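> Dropping the sequence and predicted coords here.
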Amino acid sequence: MLSLLWTLAVVLFVFWGLGLALHIAGNLIHILLVLAVAIAIYNFLKSRTAF
């Protein structure tokens, strides 16, 4: 599950970069990127406290 979220974060980061370069999709890409990073950080912290 964690690798799936990291993959999603990377894909959204790439789309974010393309959106900045080509001015596509406006704020939607930024919102999705922030959500992906927040989920990745949450899962990272959750997995560290499990040990």
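Nice, I can see it. None of the values given here were measured: they were computed from a predicted structure.

> what's the longest helix along the chain packed up against?
The single longest helix within the chain, with elements called by DSSP state H, is helix 27-49. Here helix 27-49 touches helix 2-22, going by 3 or more CB pairs under 8 Å, 6 or more residues apart in numbering; DSSP states H and E. For the C-beta atoms, the positions are set from N, CA and C on the backbone; glycine is no exception.

> ok so, going back, tell me the buried residues in the longest helix of the chain?
29, 32-33, 36, 40 (16 or more other CB atoms under 10 Å).

> What of stretch 15-28?
15-16, 19.

> Format those as TSV; extra columns: pLDDT and distance to residue 9.
Below are those laid out as TSV (pLDDT from 0 to 100; distance: CB to CB, whole Å):
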residue	pLDDT	distance to residue 9
15	79	11
16	74	10
19	73	15
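
> ok, of these, which one's closest to residue 8?
residue 15 (10.6 Å; CB to CB).
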